[in-house]
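Enquirer: Here's my sequence, what's the structure:
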Amino acid sequence: MQCTYGKTAPKQIRKSLQNFVFLLVAIIAVCGLASAQHWTPAPTFPGSGAAQALLTPVGDVLVQEISGPSGAGTGNWYVLHPDPFGSYTTGTWSGPITTPSGYAPEFFGSAVLPDGRILIEGGEYNFGTLAETTMGSLFDPSSGTFSALVSPPSGWADIGDAPTVVLPNGNFMMGDCCSEKEAIFDAGSSTWTATGAGKADPNSEEGFTLLPNGKVLVVDTQNGSHAELYDYNTGEWTGAHDTLQPLTNRCVKGDVPEIGPAVLRPGGTVFATGASGYTGIYNVSKNKWSKGPIFPPNSAGLGQDGVVDGPASILPNGNVLVMASNINPCNIPPSDFYEFDGTNFLIAPSPPNAANDISYYGRMLVLPTGGHVLFTDNSTDVEIYVPLGSAKSSWAPTITSYPKSITQGGTYTLKGKQFNGLSQGAAYGDDAQSATNFPLVRLAIGGFTYYLPTSNFTMGVATGSAIVRTAFTLPFYVGKGTATLEVVANGIASNPVNITVK
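Expert: Next up, the predicted model:
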């Protein structure tokens with residue numbers, strides 16, 4: 001039969017052809033996403049299994065060792081160093097580095113502090129034993145060692161898998177896993193101050209999301225579909241309305257309901273994923289929720305996908321990469337990966353171990369190499385997600401004041417805008433935090449790339465036209481000559497400036 005097209009074809013045929021074309025375009029778009037964006041392996045993890053990963057202010061990645069896919073913390077950590085050209089895919093590992101005696105948490109709170117150190121706090125399991133431990137320790141990237149144990153807030157019997165956040169004033173805030181209490185840590189004196197009046201429910205299974213207005217958003221897990229806002233100026237919680245769709249899921253009878261990660265996107269909306277399969281979108285400026293898309297069915301045909309604990313990460317183009325798995329019943333492999341584009345879910349390629357993974361095995365971390373995302377899943381296979389697309393120029397940091405020449409061993413100050421990026425980066429919730437809303441300083445000289453240690457940096461997210469700053473130090477091993485310097489936040493780099501290393 002001869003086919004005719006255009007106006008000479010019957011209306012029904014033209015409509016069928018149009019529908020076919022629309023379907024074909026949609027299929028090509030999804031397939032194109034899966035083929036264009038890909039995973040590439042990092043060097044094999046030298047320990048028994050890679051779990052929580054944290055970016056340090058010297059550009060290295062500090063990675064927790066775990067004894068296996070569903071194993072226990074060992075107390076050992078390893079460091080992934082980028083290669084001389086700044087790449088992590090051909091970097092090198094060093095370690096192990098050990099936490100203080102008796103402290104080996106599996107799920108815990110953590111954050112990079114403005115002084116450049118990393119605070120590890122609490123733990124739901126310690127050496128594999130169920131215990132809401134109150135221990136903690138500080139990691140110093142300059143010495144590569146953990147400090148002695150940090151004392152807990154006064155009167156706290158638990159910390160556990162605590163939600164944490166660094167506030168815009170630079171203070172570290174942590175929630176007690178098992179009550180409504182929060183406390184603020186003074187890094188200089190290693191002391192705590194109580195805060196958080198008016199919290200409506202305990203912090204268990206909740207995550208803290210920092211907003212452009214400086215407030216902290218949390219979706220309650222034990223208070224229906226209610227959300228709350230913390231104001232660091234008053235130290236109090238207030239309501240943030242209803243998420244419209246239930247985002248929690250009680251996987252085990254008697255347990256606290258679970259929830260997925262929430263990620264702030266450019267434009268001022270938070271994408272909150274649900275352990276229920278539903279999602280929500282919070283508009284910061286309007287203090288209002290709208291319904292997000294429902295997760296697709298699990299790829300193995302087991303039922304509904306969702307995130308019963310699990311990671312998500314901002315991508316440079318503003319999409320959110322999220323790891324999901326079956327939710328009814330919960331915690332059944334395989335895991336599936338999606339990108340949320342602001343409206344819909346797009347199917348993303350999966351890493352090699354996805355067939356064996358459950359969402360809570362995963363951890364994500366935004367790397368400074370163009371917003372690539374480092375992924376760990378408790379195995380020795382560490383993968384890097386290479387996204388498609390790029391950031392808008394308006395999202396990048398801008399350097400407005402810098403030294404024209406620097407000397408080995410010296411410490412200098414950079415000033416500019418948006419050194420903290422537009423998001424905390426990756427999220428998980430109460431079990432793990434890997435925020436990267438702090439500046440890295442990258443120097444290119446003589447064909448090599450160096451990340452210079454930063455400290456005393458301004459905190460916050462989406463700071464807009466406000467002038468912010470960071471200090472950086474030039475190590476003695478960097479060569480001399482003409483160089484370029486740039487600030488990187490959440491994988492997005494500023495325009496480089498020319499300097500001289502003397």
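Enquirer: How much space separates the nearest residue to residue 160 once chain neighbours are set aside from residue 192?
Expert: The shortest distance from residue 160 to any non-neighbouring residue, by Cβ to Cβ, 6 or more residues apart in numbering, is to residue 177 (3.1 Å). For the C-beta atoms, the positions are set from N, CA and C on the backbone; glycine is no exception. With distances taken as Cβ to Cβ, to the nearest Å, residue 177 is found 15 Å from residue 192.
Enquirer: So which of the two has more stuff around it?
Expert: Neighbour count, other Cβ atoms under 10 Å: between residue 177 and residue 192, residue 177 has more, with 28 against 19.
Enquirer: picking that back up, show me what contacts the residue nearest to residue 160?
Expert: With contacts defined as Cβ atoms under 8 Å, 6 or more residues apart in numbering, the neighbours of residue 177 are 122, 124, 132, 158-162, 202-204, 430.
Enquirer: Just the pLDDT at the closest residue to residue 494 other than its chain neighbours, thanks.
Expert: Sequence neighbours aside, residue 397 is the residue nearest to residue 494 in space, at 4.1 Å (criterion: Cβ to Cβ, 6+ apart). Predicted confidence (pLDDT) for residue 397: 98.
Enquirer: nearest spatial neighbour of residue 458, skipping sequence neighbours?
Expert: Nearest non-adjacent residue to residue 458, counting by Cβ to Cβ, 6+ apart: residue 468, 3.7 Å away.
Enquirer: what ranges of the chain fall below the confidence cut-off?
Expert: Scanning the chain for pLDDT under 70 picks out the ranges 1-35.
Enquirer: now with 50?
Expert: 1-32, 34 (pLDDT under 50).
Enquirer: Just want the most central residue of it.
Expert: The chain has residue 426 as the residue nearest its centroid, 1.4 Å off, counting by Cα atoms, centre = their mean.
Enquirer: That one touches residue 365, doesn't it?
Expert: Yes: Residue 426 lies in contact with residue 365 (Cβ atoms under 8 Å); the separation is 5.5 Å.
Enquirer: any residues in contact with both of these two?
Expert: By the contact definition Cβ under 8 Å, 6+ apart, residue 426 and residue 365 are jointly contacted by 313, 373, 434, 436.
Enquirer: Residue 281: how many residues sit nearby?
Expert: Residue 281 has 20 nearby residues by other Cβ under 10 Å.
Enquirer: What of residue 187?
Expert: Residue 187 is flanked by 16 other residues according to other Cβ under 10 Å.
Enquirer: And for residue 99?
Expert: Residue 99 has 23 nearby residues by other Cβ under 10 Å.
Enquirer: How about the contacts made by it?
Expert: By Cβ under 8 Å, 6+ apart, the contact list for residue 99 reads 75, 77, 120, 137, 146.
Enquirer: hey, what's the residue nearest to the centre of the chain bridged with?
Expert: Taking DSSP bridges, one obtains residue 313 as the residues bridged to residue 426.
Enquirer: helix or strand right after the helix or strand harbouring residue 240?
Expert: Assigned by DSSP states H and E, residue 240 belongs to strand 236-242. Helices and strands here follow DSSP H and E; after strand 236-242, the next one along the chain is strand 262-265.
Enquirer: Strand partners (parallel or antiparallel) of that next one?
Expert: strand 269-273 (antiparallel).
Enquirer: From the chain's centroid, how far away is the partner strand?
Expert: Its chain's average C-alpha position is 13 Å from that of strand 269-273, according to Cα atoms, centre = their mean, to the nearest Å.
Enquirer: What of stretch 490-497?
Expert: Worked out by Cα atoms, centre = their mean, stretch 490-497 lies 19 Å from the chain centre.
Enquirer: where does the residue nearest to residue 408 when sequence neighbours are not counted fall, phi/psi-wise?
Expert: Take residue 408 and drop its neighbours on the chain: the residue closest to it by Cβ to Cβ, 6+ apart is residue 476, 4.8 Å away. Main-chain dihedrals, residue 476, degrees, to the nearest 10: phi -70, psi -20.
Enquirer: again with residue 361
Expert: According to degrees, to the nearest 10, residue 361 has phi -70, psi -30.
Enquirer: Next, work out how far apart it and residue 295 are.
Expert: Distance from residue 361 to residue 295, by Cβ to Cβ: 18 Å.
Enquirer: quick one: contacts for residue 45?
Expert: 63, 65, 78, 93, 376, 379-382.
Enquirer: Generate a ChimeraX selection restricted to the buried entries among these.
Expert: Listed next is the ChimeraX selection for buried residues among the contacts of residue 45, using 16 or more other Cβ atoms under 10 Å:
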select :63,65,78,93,376,379,380,381,382
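Enquirer: Nearest to residue 173 among the contacts of residue 45?
Expert: residue 63 (24.6 Å; Cβ to Cβ).
Enquirer: Hmm, the closest one is touching residue 80, no?
Expert: Yes: using Cβ under 8 Å, residue 63 and residue 80 qualify as a contacting pair, with a distance of 6.3 Å.
Enquirer: ok, now which ones touch the residue lying closest to residue 392 once chain neighbours are set aside?
Expert: Excluding the flanking residues, the one nearest residue 392 by Cβ to Cβ, 6+ apart is residue 266, at 7.4 Å. For residue 266, the contact set (Cβ under 8 Å, 6+ apart) comprises 318, 391-392, 395, 422-423, 462.
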